[in-house]
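Participant: Give the three-dimensional model of this entry:
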Amino acid sequence: MTLSFLFLGCRYNYKHMLGTGICLLGLACIVINDSIRATDDDAPAGSDPVLGDVLCLCAAVLYASSNVLQEHLVKFHDREEFLGYLGCFGFSLAVVQCMLVDLPAIRRARFTNKVIGAIAGFIVCLFLMYTNTTAFLQHGDAVLFNLSLLTSDVYAVVFTYFFSGYLVSWMYFLAFALVIVGLALYHSQPPPLHIGRDQGDVGLFVSL
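Facilitator: Residues are numbered from 1 along each chain as shown. As a prediction, the model looks like this:
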């Protein structure tokens, strides 16, 4: 939200801020639950769940910055051009990374039909994700998109129950409910970028 305010000229009303705050309360429930679960010997947990949450939050900040820049590019420039450059440079950087880091492992790998199918499925999923993300950001905003990603914890809950046989804490369900309420409240208001335009306020990116 701060990045959108500074770089895109977004102006938020109190319902936007309240909805965001409720979503963050849901996120806090997950972090608190992980810190409690770290001391529970019966619960499957990593070596340091709290550190894992901190690292995930740092990654989320970087991902949010990327989404704000994407929103600027697809709203104020050509969406198809953005997707073309994304594919071109993404492929080029991936090839360089592969040659520097993964080449020995690739030489040892056995590319069976199952492996090739998994790689093809991964590529298709990424293509659909980035294509749909840019379409969403043209009409919505990066804050709503990032807040919506908090609902992904429900998939972790389902996976944990069906594949590990462990029923997660009630705090996960409370967190999910808070995120849904916060999203509904946030989405009940007009997109904040239009508010900024109407007031004549522009951010750094918008003014370029």
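Participant: The helix or strand in which residue 137 is found: which residues count as buried?
Facilitator: Secondary structure from DSSP states H and E places residue 137 in helix 113-139. Neighbour-count burial for helix 113-139 flags 130, 133, 134, 136, 137 (criterion: 16 or more other CB atoms under 10 Å). For the C-beta atoms, the positions are set from N, CA and C on the backbone; glycine is no exception.
Participant: Which neighbouring elements make contact with it?
Facilitator: Counting contacts by 3 or more CB pairs under 8 Å, 6 or more residues apart in numbering; DSSP states H and E, helix 113-139 packs against helix 49-76, helix 79-97, helix 142-148.
Participant: wait, which of those helices is closest to residue 171?
Facilitator: Residue 171 lies closest to helix 49-76 among the helices and strands packed on helix 113-139, at 13.1 Å (CB to CB).
Participant: Which elements pack onto that closest one?
Facilitator: Using 3+ CB pairs under 8 Å, 6+ apart, helix 49-76 sits against helix 2-7, helix 14-37, helix 79-97, helix 113-139, helix 142-148, helix 204-207.
Participant: Same list, the ones you listed, but as TSV with mean pLDDT and distance to residue 56 please.
Facilitator: As requested, those are exported to TSV (pLDDT from 0 to 100; distance: least, CB to CB, whole Å):
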stretch	mean pLDDT	distance to residue 56
helix 2-7	81	18
helix 14-37	83	9
helix 79-97	90	22
helix 113-139	90	19
helix 142-148	86	13
helix 204-207	49	26
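Participant: want to try JSON lines for the ones you listed, with distance to residue 182 as columns?
Facilitator: Shown next, in JSON lines, are the helices and strands packed on helix 49-76 (distance: least, CB to CB, whole Å):
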{"stretch": "helix 2-7", "distance to residue 182": "16"}
{"stretch": "helix 14-37", "distance to residue 182": "3"}
{"stretch": "helix 79-97", "distance to residue 182": "28"}
{"stretch": "helix 113-139", "distance to residue 182": "18"}
{"stretch": "helix 142-148", "distance to residue 182": "7"}
{"stretch": "helix 204-207", "distance to residue 182": "26"}
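Participant: To residue 190, which of the ones you listed lies closest?
Facilitator: Smallest distance to residue 190 across those (CB to CB): 9.5 Å, for helix 14-37.
Participant: so what does that closest one touch, helix or strand wise?
Facilitator: helix 49-76, helix 142-148, helix 170-187.
Participant: what separates the shortest one from the chain centre, distance-wise?
Facilitator: What separates the centre of helix 142-148 from the centre of its chain is 7 Å, taken as CA atoms, centre = their mean, to the nearest Å.
Participant: and the nearest residue to residue 12 once chain neighbours are set aside, what does it touch?
Facilitator: In space, residue 12 comes closest to residue 192 once its chain neighbours are excluded; the distance is 4.9 Å by CB to CB, 6 or more residues apart in numbering. For residue 192, the contacting residues are 4, 10, 11, 12, 13, 16, 141, 143, by CB atoms under 8 Å, 6 or more residues apart in numbering.
Participant: Pull out the buried members of these.
Facilitator: Buried members of these, scored by 16+ other CB under 10 Å, are 4, 10, 11, 12, 16, 141, 143.
Participant: and the residues you listed as JSON lines, adding distance to residue 55?
Facilitator: Formatted as JSON lines, the buried ones among the contacts of residue 192 follow (distance: CB to CB, whole Å):
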{"residue": "4", "distance to residue 55": "24"}
{"residue": "10", "distance to residue 55": "28"}
{"residue": "11", "distance to residue 55": "32"}
{"residue": "12", "distance to residue 55": "28"}
{"residue": "16", "distance to residue 55": "28"}
{"residue": "141", "distance to residue 55": "26"}
{"residue": "143", "distance to residue 55": "22"}
